[in-house]
Structures are given as C-alpha cells and as structure tokens.
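1. Sequence first, then the predicted structure:
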Amino acid sequence: MKPLTAEERERAFAPTKKEEVIRRQRLSVRYHVEDFDVSDRPRRFLEAFAAILKHTNYRFALDHYMRVTAKCARCSAACQLYMATGDDRDIPCYRSELLLSVYRRHFTLAGVLRGRLLGDPGLTDDKVQEMAEAFYNCNACRRCTMECPMGIDHGLITHLGRYILSELGIIPRNLVLSVREQLTGTSGNTSAVPVPALLDSLEFLSEEMQDEKGIEIPFPIDREGAEYLFLPAVSDYLMEADTIMGNAAVLRATGDTWTIGTGYFDGINYGLFYSDHVMEKVVAKIVAEAHRLKVRKLLIGECGHASRTAKAFFPAFSGDGRESLPVVNIVEYAWQAWKSGRLKLAPDVIEEPVTYHDPCNLARTGWIVDQPRELLRAFCKNYIEMTPGGRNNICCGGGGGLVSIDEIQPYRMLVSGRAKAEQIRATGARYCVAPCANCKKQLRELMAFHKIDCQIVGLHDLLYKAIVFE
Amino acid sequence: MGTWIDLGRGPLFRLAFAIMILGLLRAFCLSLVGLVEAYRRNADRIVPWRAIAAQTAAWLFPAGRFWRRRPYYGTASVFFHVGLLLVPFFFVEHVLLWKRAVGFAWPAISVHTANWFTLLAIVAGAALLGGRVFHGGARALSRFQDYAWPALLLVPFVSGYLCVNAHLAPGAYQAAMFIHVYSADLILLLIPFTKLAHCVLAPLSQAVTAVAWKFPAGAGDRVAATLGYADRPSWVERGRLESAAAAATAAAANNEVFLK
C-alpha cells in the first residue's frame, strides 16, 4: 500500500475545531465533543474506571491480557491504520497498552506499590487526551485480534476505553446526539424519523414495487404474532430505498409473516461504539417492542453493528428471565430461503463485474461469510472475490462508529479507508456489495474521493433485480 | 565451584522449580477463576466453545499461520519455542536431573539431537532479538523485559552447549556449568511473575476474550449509580457549559447530515 504523503498526512490530521474550543475543553481531538466538566479529569477517569471494573466483567480480562502480552508487533501487520500511517501509535498493541498501563499502575497491588516507591504520579491529563485520540482513531474492526498469538482482543480494549471516556463526557457529538434522540427524544430513533413519515415512505415504496414487479409487496405494520420483527438501520428507510424494497421483496417471496413495529423500528445501537450502558438501554427498547407485538424472532436488516449487537447482546440484556428470541440477519435469511427453494433468482441478471465487501461485524466471527457469496454467484455473471476477504477482511474504514463522525472525513478517506479503496480498485468491479449501512456510507464517500468508478449497493438492492415471483 | 554447582542443580533447582510450578498454578487459577466468575455473572451462557477450542489449538500448533504476518519473526519464534521445550525437558542429561528432582523419568533425546536443537534455539533466539531491535513497530512496543528475556533465555543454551562440547572451550567447563545452572534456576524462578507466564495462560486467552464480551445485565445502571449520576447519565447530560441554544443548533446540523 502506498504510504501517506506529507500533504495527505497534514490533510488527514488537520485540526477540525477552533482554538478556543480546544482550550476550553482541553481536548485536542479531531471529533467534536459536547462541553463537559474538564476539572480533575485524571481522577474522574480513574473513578469511572473503578466503577466499571467493579460492576462488569472486564477486570479478569485485563488481568489476563496484562500478564500474557508479549509485544511481538504481529498485530501491526494486520492493522490498516498502521499500514497507512506507519505511526507507532497506530499499532493495536501500543494503543491497548495505554489502557493496560493505567490498569497496571492503579488497579494492581504491584503497580500501586511500584508507583509509590518510584514516585510515579500515575495517570495524567495528557494520557487521558492520548487515549481520547487513540481509541477514536481505531476502527474496532478486530482484525488484529485474529493475529495475536496471545489472543488479546484489542477491539475489546478499545471498546472499554471508549466506555470509560464516555462516563467523563468524552463522546463524539454525532454519536451522542443520535443516541439522545433514540433514548429520550420524541421520535425514539437515531435519525429522528417520525412514524407518519415512515408510513408515508413505506406506502410510496410499496406502490413503486407494484409498478415495477406487478405484484403487491406489502410492508406489514404492527402485525401481532408475526414470525419476525424487522429492524433495519433506521437510516435505510431514508437513504437505502433499494435495500428496503429488496428486503420486502424477499420476505414476500418466502411468504413468512413479518412486521415493522411503530413502537420501535430502529436496529441501530451505538452502544457498541461507546457505552455498554447505552447498549443495554437500546436492547431494552427492542425487547419491549418484540414482546408488545408477540413476535417469535428478530430479523435485522443490512447492518453489521446492529446485527452483531442483537445477536451477541440480546441474550444478555433481554431481561426478566424471559427466554431471549432468536436473532436472524436478513442476508442469512435470504440465503436460507434460497437454499430451501423458497426464493427463486434468475441467473446472470447482473452482467457487470460484482465484488463483495465483508462488514467486520458480520464476518470477523465467521457468522456471515459464504452465504452472500453463494447468493451473488447465483445471479451475477461475473463475481470477483476481493482479497483479503471473509473473516480476514479489511474494514471499510468507517467501523467503530467513525463513519458517523462527519468532521473526520479526511481521516476516513486518506487513512482508515485507504486500504479498502485500493482493494476495491484492484477488483475492477462495477458493483461492490456491502450489506451494512455504515459500510455503504463510508464506501460511497471513498469511491467519490478516490475517483473509483464502482457503485456501492446492498445485497438486497441486487436481489430485488434478480428475484422471480411465481 | 563444584559444591556451588551441586547446590544450584540440587536444592536450589528444586526450590526454583517448586516456585515456578506454584506461581504458574496461581496465575492459571486466577485467570480460570475470573473466567468462571464472569461466565456465571452473565445471563447469556451462549459461548462457542468448539470455535474457541479450535482457535486455541491453532495457536498452540501454529503450522498454518505463523508465517502469515511478520514471517521471519514468526518462523524464528516457532523454532525458538521448539528448542525451548525440547532441550530443557528431553535432553538425556536433563531427564536424569528431572528424575532426581521429581522421582520419575521419560523418553529422552540424544546428545547429538540436543546439540542441533540447541544451535537452532540459539540462532532463532538471536533472530528474535534482532527482529525486535530492527523492526520499528516492535521497537516502539518493547519494554526492558522484552529485550532481556530472549537474551537471558539464550544464556543457559550457550553455556549448556559449551559444557556438552567441552573441546570448544577447554578449561572453562566449570565456569560454563556454573553459569548454565544458575541462569536456568533464575529463569525458572522468574517465569510465573513475568510475561513467560503465557506458557500456561495463552491457552485460556480465546475463552477469556469470548467470555469478556458477555456483559452482565444492569451493569451500566450500577456504574452510573456508583458514579452518582443515575438520574442524568452521560447521554442525557448536555455539557454544563454549553447553552441550550448551541445544543439545538448542533442537533439540527446533525439531522441535516442524516436527512441529506
């Protein structure tokens, strides 16, 4: 990969805030942060850290990681940020050490004693600042985790670091504004979509599909006792009409009962990006809606983090001792339907070269890797594999919530998305399929920025073209 | 000198070995107990044990992956580990020593084979040290112990080689044996308190990570309560210094981004 030029580096890391704001917040990070209490920050960081260690499960993992870390730098070869910048601070293990060293110094007996003996003052304001920067440079894509011989999950440490920072009020403003609307706003979702607007747009899409496909493809609303509650990233309703139509068409073809709940219809859960507290509250909203409508399963739309949070955290947070509902991703659903013969696809409908981008939150654990590929091969004449792909994929560069932080766009284009842009260019594909709302936004910006002639689409955008109704 | 050497490979060896075993047992149990406690604290008991076992096995026997990243370093590391495990435990003279200490013996490798594995370990160890010094990323990460360990581990290998091949340094046998015995004792003593504890901890790592991603229900509320703001969590609290008007403008700007 071509290293950053001096000019690109300057552009990617240029300050995005006024001097006065940086001075007031004493925080020289590129993402915008709402004003927060800046006094006595190291002490408050340690208090938040202590409270989190007390009530969660992170402590034993930190203890373990601290003992095994071998500092072999193998992760550096897997990290797209380090590949782009060559900056030591972008090595995953270096970033993790920022937090591990605080843990070692302040929360282990040996560290406290050594600190007293050597007169080490411990956590400083500068170090809090360094963490605030480092943890939001990281895409939390967990590619490095696959390469750590010691099994350290640097993504988990980034996740924890952000959680601690969030308790101090250090959260990218765009993320917290969306969450505030979702948890306390009148619309109750991250894009502030009111129910009437949702219904209007669904009606419009339904008519559109009637015209195009010649059959009625409904969006069932508040249908009690349906098999599936459908939860896409709510932004899909506004910005990914083709994906939503594809989702509805697949569900129409299979004939399963499904519904969209007007009580809650947003799959997005930014808690994964900065706070376990938020994550649990958002899951609770989904649980409440699922029980209100008495559905049997959750069907998550084309969205990586929404799928992962539902799949991985619904069982923990579904509460009240009730049995948690099975979570299915729409890609996996479409694949199963196609495999069982309930979904018919016309072969070779797409003649242009097509490639597939694996969203980290779907592929890293090996959950959804082969299914979309098999589907694409079924109706694309010229499917091209992107390398590396599958579990070992490279992140789009917008992972970990970074895509929602508009002010760091130059960083996302030049640094975090650099490897992905080159990867897509190398395939020569005209369509790049990315079944994730975040990946789509980032990849579209990347294609425009790097002047690559490739259209970014969802899997269901193309399925919609290939689907055959009997 | 002979008495000192006997002390070093007799009682002191047994002491260092006992401390190593107890220390490693402690480290292993701490991680294991933490793992079990965390598992029991969670409502979610869905853990992909089979995948965890597969990953763990793949890292313990990394034939399919050591060359994937930093291939030279990875290759050196594998050979180094092979030498580290084979020679101290299976060299025929060592097996006799172990028999004296623990009371029973196991199949041994010959002097000739041990010689070759010793040379392999020395070359690989030197390569690891080089891989650390000459790789910018590794250098940035390295602490004192990361340089000291490969160097210290090489000492008993080099001195042991000189003892077995006494013709290389005639007259230095006693000194080499002294260094050999005491450096080995020191290593055994230090293993449980340093990163070398990974010899028993690394097999737990995949399970630790999988369980650490399971979050206990209600923890977020309890954290907020402990920090004294259960009624105004961080996502509700607008900065105390920021005016309501500025916040509204920011919110509107944000929505424009979503709606454009």
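-> Received the coordinates, thanks.

2. neighbouring contacts of the least confident helix or strand in chain A by mean pLDDT?
-> Between all helices and strands in chain A, the lowest mean by mean pLDDT, DSSP states H and E belongs to helix A:19-25, at a mean of 90. Applying CB atoms under 8 Å, 6 or more residues apart in numbering or on different chains, the external contacts of helix A:19-25 come out as A:P15, A:S28, A:V33, A:D35, A:F36, A:V38, B:L241. (Each C-beta comes from the backbone N, C-alpha and C, glycine too.)

3. same thing but 10 Å
-> With CB atoms under 10 Å, 6 or more residues apart in numbering or on different chains as the test, helix A:19-25 has contacts from A:15-18, A:27-29, A:32-36, A:38, A:169-170, B:239, B:241-242.

4. just how off-centre is that helix within its chain?
-> Between the mean C-alpha point of helix A:19-25 and the mean C-alpha point of its chain there is a distance of 30 Å (CA atoms, centre = their mean, to the nearest Å).

5. any idea how far A:E207 lies from chain B?
-> The gap separating A:E207 from chain B is 22 Å, by CB to the nearest CB, to the nearest Å.

6. That residue: how many residues sit nearby?
-> 12 (other CB atoms under 10 Å in any protein chain shown).

7. what's it in contact with, if anything?
-> Contacts were defined as CB under 10 Å, 6+ apart; by that measure A:E207 touches A:E216, A:I217.

8. what about it, helix or strand, and which?
-> The secondary structure element spanning A:E207 is helix A:195-213 (assigned by DSSP states H and E).

9. which residues of the chain score low on pLDDT?
-> No chain was given, so I picked chain A. For chain A, applying pLDDT under 70 flags the ranges A:320-322.

10. that's the wrong chain, I meant chain B
-> For chain B, residues meeting the criterion pLDDT under 70 lie at B:237-260.

11. where do the helices sit along it?
-> In chain B, helices defined by DSSP state H lie at B:2-9, B:11-41, B:49-60, B:71-90, B:92-102, B:111-133, B:136-141, B:144-164, B:173-190, B:198-201, B:205-212, B:219-226, B:244-259, listed in chain order.

12. and among those, the most buried is which?
-> Neighbour counts averaged per stretch over the helices of chain B are highest for helix B:205-212, at a mean of 24; criterion: mean count of other CB atoms under 10 Å in any protein chain shown.

13. what separates it from the chain centre, distance-wise?
-> Going by CA atoms, centre = their mean, where helix B:205-212 is centred and where its chain is centred differ by 16 Å.

14. What's the PyMOL syntax to select whichever of the contacts of helix A:19-25 are buried?
-> For anyone working in PyMOL, the buried entries among the contacts of helix A:19-25, judged by 16 or more other CB atoms under 10 Å in any protein chain shown, can be selected with:
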select buried, (chain A and resi 16+17+27+29+32+33+34+35+36+38+169+170) or (chain B and resi 239)
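
15. What are the buried residues along the least confident helix or strand of chain A?
-> Quick answer for helix A:19-25 (16+ other CB under 10 Å): A:Q25.

16. In contact with the closest residue to A:R364 other than its chain neighbours, which residues?
-> Setting aside the residues directly before and after it, A:R364 is nearest to A:R142 in space (CB to CB, 6 or more residues apart in numbering or on different chains), at 5.2 Å. For A:R142, the contacting residues are A:78, A:92, A:153-156, A:158-159, A:360-361, A:364-365, A:395, A:399-400, B:209, by CB under 10 Å, 6+ apart.

17. wait, which of the helices of chain B is closest to A:P410?
-> Nearest to A:P410, of all the helices of chain B, is helix B:244-259, at 16.0 Å by CB to CB.

18. Please, which helix or strand holds the residue nearest in space to the middle of chain A?
-> Residue closest to the mean C-alpha point of chain A, counted by CA atoms, centre = their mean, is A:H305 at 3.9 Å. Element membership for A:H305, per DSSP H and E: helix A:304-317.

19. again with A:L298
-> Per DSSP H and E: A:L298 is located in strand A:297-300.

20. ok, now A:E47?
-> Element membership for A:E47 (DSSP H and E) is helix A:41-55.

21. Can you name every helix or strand that that helix contacts?
-> Helix A:41-55 makes packing contacts with helix A:58-68, helix A:92-107, helix A:125-134, helix A:154-168, helix A:276-292, helix B:219-226 when contacts are defined by 3 or more CB pairs under 10 Å, 6 or more residues apart in numbering or on different chains; DSSP states H and E.

22. Could I get the ones you listed in a markdown table, plus columns for distance to B:V123?
-> Formatted as a markdown table, the entries for the helices and strands packed on helix A:41-55 read as follows, by distance: least, CB to CB, whole Å:
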| stretch | distance to B:V123 |
| --- | --- |
| helix A:58-68 | 26 |
| helix A:92-107 | 26 |
| helix A:125-134 | 37 |
| helix A:154-168 | 31 |
| helix A:276-292 | 48 |
| helix B:219-226 | 50 |
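
23. Please name whichever of the ones you listed is nearest to B:F17.
-> Between B:F17 and the helices and strands packed on helix A:41-55, the shortest gap by CB to CB is with helix A:58-68, which sits at 20.3 Å.

24. Just checking the distance from that closest one to the centre of its chain.
-> Distance of helix A:58-68 from the chain centroid (CA atoms, centre = their mean) equals 25 Å.

25. Who are the contact partners of the most centrally placed residue in chain B?
-> Centroid-nearest residue in chain B, with CA atoms, centre = their mean: B:H198, separated by 2.6 Å. With contacts defined as CB under 10 Å, 6+ apart, the neighbours of B:H198 are A:R67, A:V68, A:T69, A:A70, A:P149, A:M150, A:G151, B:A27, B:I191, B:L204, B:S205.

26. ok, the first one touching B:I191?
-> No: with contact defined as CB atoms under 10 Å, A:R67 does not reach B:I191; the gap is 11.5 Å.

27. which residues touch A:A77?
-> Contacts for A:A77 were tallied using CB under 10 Å, 6+ apart; they are A:M83, A:I91, A:C144, A:E147, B:R68, B:R69, B:R70, B:P71, B:Y73, B:G74, B:H135, B:G137.

28. Out of the residues you listed, the closest to A:L199 would be?
-> Nearest to A:L199 among the contacts of A:A77 is A:C144, at 44.0 Å by CB to CB.

29. residues touching residue 62, list them.
-> Just going to use chain A. A:L62 makes contact with A:49, A:53, A:96, A:99-100, A:102-104, A:107-108, A:156-157, A:160, B:34, B:208, B:212 under the criterion CB under 10 Å, 6+ apart.

30. could you do chain B instead?
-> Contact partners of B:P62, counting by CB under 10 Å, 6+ apart, are A:P149, B:R68, B:G74, B:S77, B:V78, B:H81.

31. Could you tell me how many residues sit around the second one?
-> B:R68 sits with 15 neighbouring residues when counted by other CB under 10 Å.

32. B:A58 versus that one, what's the distance?
-> Applying CB to CB, to the nearest Å, one obtains 11 Å for the distance of B:R68 from B:A58.

33. before we move on, what about the fifth one?
-> Between B:V78 and B:A58 the distance, using CB to CB, works out to 13 Å.

34. one step back: narrow the contacts of A:L62 to just the buried residues.
-> When the contacts of A:L62 are checked for burial by 16+ other CB under 10 Å, the buried set is A:49, A:53, A:96, A:99-100, A:102-104, A:107, A:156-157, A:160, B:34, B:208, B:212.

35. Having no further points to raise, I will conclude here.
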